[in-house]
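A.B. asks: Provide a 3D model corresponding to the input given below.
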Amino acid sequence: MSRVLTSSPTNVVNLSVPGDVLLDDIENADVLLTDAINQSISGGAVIVPHNLGVFTTGILTPNSGLGPLQFLTNNGSFQINAPVNPGSLTIEITNGPTAGPITFVGYNVSSNIGENYVLTNNFVFFLSIIKINRASYIWKATQ
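C.D. replies: Residues are numbered from 1 along each chain as shown. Next comes the predicted model:
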């Protein structure tokens, strides 16, 4: 198992150890724990968007575990189910020449779901999805 620990912005230490790394074993290291609350993070991160591919038919179940930024091309009619797990993500949807309507299943939304989604070729939209106990979404046009 490999752990990456950062002790300064320019010093990354790679540890290969069996099992867990104990904090007592690490001196002067700033460590971000995956299961602790109220941790402070300074600086930023570069997010590499996840490519969901081209949708011509079928069902997409969003997964924030793939990253907060995702993208796809709409080239047909398909369905977007509510996410299974809590999280938030934004999907950039680019309409292809045969873009079709998108059906949403399992969401709790009001009559205001943002800007109108239209099927014009090469139009690009951001679809923001959030789920805590319920799932909701909102559209943002970029043209």
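
A.B. asks: Break the protein into its domains for me.
C.D. replies: The chain breaks down into these domains under automatic domain parsing: 1-37, 50-141.

A.B. asks: Of all those, which one is nearest residue 44?
C.D. replies: Of all these, domain 1-37 sits nearest to residue 44, with 11.5 Å by C-beta to C-beta. Quick note: C-beta positions are derived from backbone N, CA and C, even for glycine.

A.B. asks: just to revisit the earlier point, deepest-packed of the domains of the chain, please.
C.D. replies: domain 50-141 (a mean of 15; mean count of other C-beta atoms under 10 Å).

A.B. asks: center of the chain - which residue?
C.D. replies: Residue closest to the average C-alpha location in the chain (C-alpha atoms, centre = their mean): residue 68, at 2.3 Å.

A.B. asks: Okay, that residue and residue 137: tell me how far apart.
C.D. replies: From residue 68 across to residue 137, the span is 14 Å (C-beta to C-beta, to the nearest Å).

A.B. asks: likewise residue 91?
C.D. replies: Separation of residue 91 from residue 137 (C-beta to C-beta): 9 Å.

A.B. asks: Which neighbours do these two have in common?
C.D. replies: By C-beta atoms under 8 Å, 6 or more residues apart in numbering, residue 91 and residue 137 have these common neighbours: 127, 129.

A.B. asks: How about the contacts made by the residue nearest to the centre of the chain?
C.D. replies: Here residue 68 is in contact with 47, 88, 89, 90 (C-beta under 8 Å, 6+ apart).
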